[in-house]
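Q: Need a 3D model of the sequence below.
(one chain, ligands or ions: 1)
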Amino acid sequence: MNIFNQIRKLSEEYRDYTAENLSSLIKIKSLSRQEENVQQELKKQMEESGADEVVIDGLGNVIGRIGNGKKVLAIDGHIDTVDVGNIENWNFNPFSGEIKDGYVHGRGSVDQEGGVASMVTAIRILKEIGIKNDMTVYFVGSVIEEDCDGLCWKYIIEEDKIKPDIVIITEPTNLNIYRGHRGRMEIQISFNGISAHGSAPERGKNAIYMASKAAMEIEKLNERLKYDDFLGKGSVTISEFISGSPSLCAVADYARLHLDRRLTWSETKESAINELESIIKNIDAKINIPYYEEKAFTGLKYGMEKYFPTWKMEENHPVIKSGIKAYKNLYNKMPRIGKWTFSTNGVTINGIYGIPIIGFGPGNEIYAHAPNEKIPVDDLVVASAFYAAYACSV
Ligand SMILES: [Zn+2]
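A: Okay, here's the model as predicted:
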């Protein structure tokens, strides 16, 4: 039997194993920075699957490894989930992990513990069929993605000193191959006015008026932002407007806009800041990019600037071509190629560190962050086969 038939057969044999591992993960609530219990469960699962070594790093990422060769492939799935929102909107318990009618039910099933459970099964398959001598494969259950995408990989690359040649991101792609998404950044603009008695506003300079004029220009900016055939258009919106004044009977001397900027191909931190600089020139205002810094469940305080660069891989990049080949060898048909609407850990992995990425994950992204989240067990089976086949195709 050829190796791909063997992988496919094993992935089907381990169908219940994969679904049950996912169910166990879902049962443990795992909000960002509170992933300790779910990480203990994931570590146990990876050990049982036969990984050569499993460690929890200083930030709380679980890293399983097989092989010890020069060529390094990493498969990444974030383990943290968002909260459940209004429980009234759910038709079932979000933490039941119930396996019924061909689905695993619950918060995190699609975004994205399903990808994590599938990669645990890939460990088991690869241990059974063996990997090439010159390869190391890391299986990463990463933390804090929902709070600050990419932070976990900044830590893995800079502190754990693991810099893979290729990363597979297992966020939901509906079993298509994804090769990029828009980047994003958060920007604050602070305006300094001069307060005066509210009875004589002409003596002061109102920061709210200053910010409002800039806000109208920022709205118009949308018309001039770049467009990319694959990733679509850049966008900007104002997500918060706050102001301050010595009293409600005074001219406001302070205002601040918080912007959500989505960056398409060729838009960068510098280009986005330059556009805004030209809007606030001649105004007493200052632009800054907020810095994320929080404590992980391990107690470690770690952070990064809230700039999450755009990334895309060309369709004919070897990393994408290997994925197409692996999929075709397994299922004898062409996979569809696409992109994520949302952002992933790819912002640092490729956006900052330039490591080639291929995206492939079980589940449909429309269920991400939504009530009644559930994932087809069939998808988990295919994803586990794909990860094993990919490791055998590069
Ligand atoms: Zn996600």
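
Q: Please identify the helix or strand for whatever residue of the stretch 151-300 of the chain ends up closest to the ion.
A: Of all residues in the stretch 151-300 of the chain, the one sitting closest to the ion is E171 (4.9 Å; CB to the ion). In this view, the C-beta of every residue, glycine as well, is placed from N, C-alpha and C. Using DSSP states H and E, E171 maps to neither a helix nor a strand.

Q: quick one: it from S343, how far?
A: Distance check for E171 against S343: by CB to CB, to the nearest Å, it reads 10 Å.

Q: Looking at those two, which has the bigger crowd around it?
A: Using other CB atoms under 10 Å as the criterion, E171 and S343 rank with E171 on top: 29 against 20.

Q: residues in contact with that one?
A: Applying CB atoms under 8 Å, 6 or more residues apart in numbering to E171 gives the contacts 77-78, 111-112, 115, 178, 340, 342, 344, 359, 361, 365.

Q: Keep only those of those that are in strands.
A: Within those, residues falling in strands by DSSP state E are 77-78, 178, 359.

Q: Closest to A252 out of those?
A: H78 (41.0 Å; CB to CB).

Q: Wait, the closest one touches E145, no?
A: Yes - at 3.4 Å, H78 counts as touching E145 under the criterion of CB atoms under 8 Å.

Q: any residues in contact with both of these two?
A: 152, 345.

Q: And these two? Which one has more around it.
A: Ranked by neighbour count (other CB under 10 Å), H78 and E145 place H78 first, with 30 against 24.

Q: Show me what the more buried one bridges to in the sheet.
A: Applying DSSP bridges to H78 yields these beta-bridge partners: S142.

Q: how near is it to the ion?
A: According to CB to the ion, to the nearest Å, H78 stands 6 Å off from the ion.

Q: residues contacting that residue?
A: 112, 116, 141-146, 152, 171, 345.

Q: Among the residues you listed, which one is most surrounded by other residues?
A: So for these (other CB under 10 Å), the most neighbours sit at G141, 33 neighbours.

Q: Can you tell me the closest non-neighbouring residue to it?
A: Distance criterion CB to CB, 6 or more residues apart in numbering; nearest residue to G141, sequence neighbours excluded, is V62 at 4.0 Å.

Q: strands paired with the helix or strand hosting H258, and their directions?
A: Assigned by DSSP H and E, H258 falls within strand 254-263. Using DSSP bridges, strand 254-263 pairs in its sheet with strand 183-192 (antiparallel), strand 235-244 (antiparallel).
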